[in-house]
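A.B. asks: Using only what follows, build the 3D model:
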Amino acid sequence: EDTFIRRSELHESYATYFGLPSPSCAPHVGKRVGGNANRVLDVYGDILTSAQLPGGEQTKRHDSFLQSIAACHGAMPFEVEVRGLFRWCAMQADNNPEFQAQRAKLRQILQPDAMTGDGTLYDAKTMSFCPTRYPPNSWDTCRKAVSARAAKVTREYVTKARKADQDCNGTEVGSQGPIERRLLEFGPIRGLVVGAFGEVNPEVPKLIKRMAEYNAERQWRLMGANTVTEAAATLKARFTRSIGVEAARGLARLRLRNLDRVCGEVDGTLPSRKRAFFFKARWAHYTRFGPRAYYEPDSRDRHRFGPR
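C.D. replies: This is a model prediction of the structure:
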């Protein structure tokens, strides 16, 4: 299920990868997007992925990308949507008549997307093609745009922490408050960024390698591998494929769903219930035992469920 992709999404993914015009947007080029006369549909469909349109499709793309990473953690401690790390740092909120509102606001402002067992914080980001994120000086360097976006994550969190200190703790401008001090205890916030062409910043492969090695040390015998290194290579390839498919598929789904809202039905959705049981059973087996790293020499030629 993690690598399932519909035909229309596959066509969009290939067009994006090779820099070709969007096949689904071709009949609708020039139409207004979101009822705004200044926003018209282009041949590549970039306006559909960069503009804020009703429906929250960009948030769905972000959540799907984050969940695809979280699904690979296996036995490795990995918490998603970390809550409560900074709530107790609101020292003066008890004396504030708007305490409840500020506490909810504080939780929203400083809520990292993920945290590993050693306290490393991660924040997932998705990017679409626009002049702000992809300036001309980034076109000739691989992953330059996503790396530049990831480099801004820690600074953005520090800015939010200072703002929260000023609102909830009365910290003076230029001084370091308890929320900012608490944030700095965790070190730099690692950005997990997926770009407009399915590319990711170097931090994503590092996390994949870390997850693969952690799980290989504990599951290599159950996987049928001969060594831990062989199991780690199998897991790394599996995780890379799952996250890579989601990186390309997420952008295609974002474009098609927004196009569906603007121009009508475009993507014929397959009835998911027909395959739901199979997908759930296969995914439950994978999360428990991991992918197979070894097969009997003649097992590939046999019927899968036939007699031995």
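A.B. asks: What segments of this protein are strands?
C.D. replies: In the chain, the strands defined using DSSP state E lie at 32-33, 36-40, 78-80, 114-116, 121-126, 190-194.
A.B. asks: In CSV: those, plus distance to residue 219, mean pLDDT and mean neighbour count.
C.D. replies: (Each C-beta comes from the backbone N, C-alpha and C, glycine too.) Formatted as CSV, the strands of the chain follow (distance: least, C-beta to C-beta, whole Å; pLDDT from 0 to 100; neighbours: other C-beta atoms under 10 Å):
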stretch, distance to residue 219, mean pLDDT, mean neighbour count
strand 32-33, 47, 84, 18
strand 36-40, 49, 77, 11
strand 78-80, 15, 92, 17
strand 114-116, 18, 94, 19
strand 121-126, 23, 95, 21
strand 190-194, 24, 96, 24
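A.B. asks: Any idea which of those strands gets closest to residue 58?
C.D. replies: Closest approach to residue 58 among the strands of the chain (C-beta to C-beta): strand 121-126, 6.8 Å.
A.B. asks: That closest one vs strand 190-194, what angle?
C.D. replies: Angle between the axes of strand 121-126 and strand 190-194 is 20 degrees (criterion: axes from the mean of the first three to the mean of the last three C-alpha atoms, to 10 degrees).
A.B. asks: Residue 210: neighbouring residues, count only.
C.D. replies: Neighbourhood size, residue 210 [other C-beta atoms under 10 Å]: 16.
A.B. asks: er, residue 51 actually
C.D. replies: With neighbours defined by other C-beta under 10 Å, the count for residue 51 comes to 16.
A.B. asks: my guess is it meets residue 38, correct?
C.D. replies: No: applying C-beta atoms under 8 Å as the test, residue 51 and residue 38 come out as separate, 10.5 Å apart.
A.B. asks: hmm, back to that, let me have the strands of the chain in CSV, extended by distance to residue 169.
C.D. replies: What follows is the strands of the chain, written out as CSV (distance: least, C-beta to C-beta, whole Å):
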stretch, distance to residue 169
strand 32-33, 43
strand 36-40, 41
strand 78-80, 26
strand 114-116, 23
strand 121-126, 21
strand 190-194, 26
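A.B. asks: was I right about residue 128 contacting residue 196?
C.D. replies: Yes: taking contacts as C-beta under 8 Å, residue 128 lies within contact range of residue 196: 5.1 Å.
A.B. asks: who touches both of these two?
C.D. replies: Common contacts of residue 128 and residue 196 (C-beta atoms under 8 Å, 6 or more residues apart in numbering): 46, 49, 251.
A.B. asks: got the contact list for the last one?
C.D. replies: Okay, so that is residue 251. Counting by C-beta under 8 Å, 6+ apart, residue 251 touches 12-13, 16, 49, 61, 128, 194, 196, 198.
A.B. asks: I'd say residue 82 and residue 112 touch.
C.D. replies: Yes: counting by C-beta under 8 Å, residue 82 touches residue 112, with 4.8 Å between them.
A.B. asks: Show me what counts as buried in stretch 130-150.
C.D. replies: Judged by neighbour count (16 or more other C-beta atoms under 10 Å), stretch 130-150 contains these buried residues: 133-134, 143-150.
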